[in-house]
Every structure is written in C-alpha cells, then in structure tokens.
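Visitor: here is my input, please return the structure:
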Amino acid sequence: MTPWRTSWTAACGIALLALTACGGADAAAPAPAAVTTPASQPAAQSSQPAAADPAGAGSYVDYATYRKDPTAYADGRVVLFFHASWCPNCRLTEKNLTEDPASIPADLTVVKVDFDTETDLRAKYGITQQHTFVAVGPDGAERAKWTGTHSAAEISKRAV
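Guide: Next up, the predicted model:
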C-alpha cells in the first residue's frame, strides 16, 4: 500500500471512531434540541436529575443522592446511567427522562453517573464508553449492561 493510502486509511478510521464515540446502536442519532424545562421544575435544574425522596421508585436521581443511602432503593430496580454532558445520546436520554418523569415506571430508579469523574465506578463495572447503562442489584452487583437506549420504557425493558 502506498504511504498516502496508509495515511488516508488511518484518517478514515479515526474519523469513524470519532463519529461513533457516543456508542450504541443509535450513535448516528441527532443531537437533541435545547432542553426545555417542565413548568413544575425551575430552569436551573433542567440538566440535573431531581433529588427524589429516599423511596426513589419511579425516579431519576444523581449519583450523590443515590450514594447517600443505596439501600433506600433496594425495593425497586436500579439502573446506573453513565452520562457525559458532551454526549448527544446522553443529552437525548436525559431530556426524555426529565421532560417526562411520569414515564419512569414506579419500580425503577435511574441514577445519573458522571462518566468523566466517576472513574472508580467505571472501572468497577468495566464501562468503556458513555451512554452505558448498568442494572444493579441491592448489593451493587451487576445484573445487566447495555448501551443505546433513550427512553424510560426502553431502559425498563432492559433492567432486570
């Protein structure tokens, strides 16, 4: 292969990796429009999950809230959502969860985990890309892991 073809092939491979960086089957999904906030939620909180009451069922909470008392969520299903603010697929999923919180089944808690800062948690579950979901049991053990879902209904179907 000639040197220019080798360079061209490498450049195409790097471009392909960059285009699929948000992972999953939906990597080509368009970036979501600006997130609008439901009337019941202040605009300043639109990018953050709501802090739920410790019962946690049917909620979207941040990892700090969950970490305070993981046993409070043991009666329902818990899914860790490894989210990055720069990921279009992550933003779309978060938009769906925050704009329609009633779509989250009553027995499901989705926990937003910062992909960029929670490196120990990423290592624990073998997370290599953002927009990854991990269903965990009451003891924190992994039950299922996947990428590519964007709605509460899709997350619920995969959570065990």
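
Visitor: setting aside sequence neighbours, what's the nearest residue to S103?
Guide: In space, S103 comes closest to A152 once its chain neighbours are excluded; the distance is 4.2 Å by C-beta to C-beta, 6 or more residues apart in numbering. For every residue, glycine as well, the C-beta is placed using N, CA and C.

Visitor: pLDDT at that neighbour, what is it?
Guide: pLDDT for A152: 95.

Visitor: would you mind measuring from A74 to K124?
Guide: Distance of A74 to K124, given as C-beta to C-beta, to the nearest Å: 18 Å.

Visitor: what about Y60, how many neighbours?
Guide: 25 (other C-beta atoms under 10 Å).

Visitor: confirm it sits in a helix?
Guide: No: under DSSP: H, G, I helix; E, B strand; the rest coil, Y60 sits outside any helix and is assigned strand.

Visitor: could you shift the numbering so residue one becomes 209, and keep it that way?
Guide: Yep, numbering from 209; the last one is Y268 now.

Visitor: then stretch 271-282 to PDB, C-alphas only?
Guide: Coordinates of the C-alpha atoms in stretch 271-282 are reproduced here as PDB (Å, rounded to 0.1, in the frame of the first residue of the first chain):
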ATOM      1  CA  TYR A 271     -25.300   9.600  41.900                       C
ATOM      2  CA  ALA A 272     -24.600  11.700  45.000                       C
ATOM      3  CA  THR A 273     -28.300  11.300  46.100                       C
ATOM      4  CA  TYR A 274     -28.200   7.600  45.400                       C
ATOM      5  CA  ARG A 275     -24.800   7.100  47.200                       C
ATOM      6  CA  LYS A 276     -26.100   8.600  50.400                       C
ATOM      7  CA  ASP A 277     -28.300   5.600  51.000                       C
ATOM      8  CA  PRO A 278     -28.300   2.900  48.300                       C
ATOM      9  CA  THR A 279     -30.400   0.600  50.500                       C
ATOM     10  CA  ALA A 280     -33.300   3.100  50.300                       C
ATOM     11  CA  TYR A 281     -33.700   2.000  46.600                       C
ATOM     12  CA  ALA A 282     -33.400  -1.800  47.300                       C
END
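
Visitor: model confidence over that stretch, on average?
Guide: When pLDDT is averaged over stretch 271-282, the result is 91.

Visitor: buried set for that stretch?
Guide: For stretch 271-282, the neighbour count (16 or more other C-beta atoms under 10 Å) marks 271, 273-274, 278, 280-281 as buried.
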